[in-house]
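Visitor: Mind folding the following:
(one chain, ligands or ions: 1)
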Amino acid sequence: MDKATNNDVLSALDKVLQERKNAAADSSYVASLYEKGLNRILEKVGEEASEVIIAAKDCEGEKGQDALLGEVADLWFHSMVLLAQQGLSSAQVLAILEERFGLSGHIEKAARS
Ligand SMILES: N=c1c2ncn([C@@H]3O[C@H](COP(=O)(O)OP(=O)(O)OP(=O)(O)O)[C@@H](O)[C@H]3O)c2ncn1[C@@H]1O[C@H](COP(=O)(O)O)[C@@H](O)[C@H]1O
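Guide: Model prediction:
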């Protein structure tokens, strides 16, 4: 597979996560998560979210910032595994963010009531 760039890495990863539904658990980490099932995937999302919080609390200097970026990447990745396992994709999340783009959270909240 060609190296995915910043702009297309999410859609390239969506495609790989889809393909891993037909892969063997011993050759693919993603397939091993699918095999373990939803609860294990949810545990990983929870663990990675906790690791983001811990890294953000101790985010001094370049090393700390690199650690935080790595933990957020782990969280995004495991969230994408969850979406794929549920038959969803990052493209659908991006569509929601695109729809929301430019709409202040305060204005959106006020419009709800
Ligand atoms: N982006 C990632 C990615 N980010 C993190 N990880 C893996 O996520 C795992 C969990 O990280 P942890 O820090 O919790 O480490 P751990 O304690 O060893 O994990 P556990 O034993 O608790 O599950 C590690 O094994 C990382 O290697 C990833 N594994 C795969 N990908 C992408 O998914 C693609 C498919 O991967 P495979 O299915 O393994 O081919 C790869 O080509 C990559 O593009």
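
Visitor: any weak-confidence spans in this protein?
Guide: Filtered on pLDDT under 70, the chain yields the residue ranges 1-2, 7.

Visitor: got the residues of it near the ligand?
Guide: Counting by C-beta under 6 Å from any ligand atom, the residues of the chain close to the ligand are L13, V16, R20, S28, Y29, V30, A31, D74, F77. Every C-beta, even on glycine, is put in place using the N, C-alpha and C of the backbone.

Visitor: Just the ones in helices from those, please.
Guide: L13, V16, Y29, V30, A31, D74, F77 (DSSP state H).

Visitor: Of those residues, which pair is most distant in space?
Guide: Across these, no pair lies farther apart than A31 and D74, at 17.9 Å, counting by C-beta to C-beta.

Visitor: Selection in ChimeraX covering whichever of the residues of the chain next to the ligand are buried, please.
Guide: In ChimeraX, a selection of the buried entries from those looks like this (16 or more other C-beta atoms under 10 Å):
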select :13,20,28,30,31,74,77
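
Visitor: from the residues of the chain next to the ligand, which two are the most distant?
Guide: Farthest-apart pair in the residues of the chain next to the ligand is A31 and D74; separation 17.9 Å (C-beta to C-beta).

Visitor: Can you give me the separation between the residue lying closest to D14 once chain neighbours are set aside and A95?
Guide: Spatially, and ignoring its direct neighbours in sequence, D14 is nearest to S89 (4.6 Å; C-beta to C-beta, 6 or more residues apart in numbering). When distance is defined by C-beta to C-beta, to the nearest Å, S89 is 10 Å away from A95.

Visitor: between these two, who's got more neighbours?
Guide: Shown here are S89 and A95; by other C-beta atoms under 10 Å, S89 has more neighbours (19 against 11).

Visitor: Surely the more buried one touches L82?
Guide: No: contact status for S89 versus L82: not in contact, 11.1 Å apart, counting by C-beta atoms under 8 Å.
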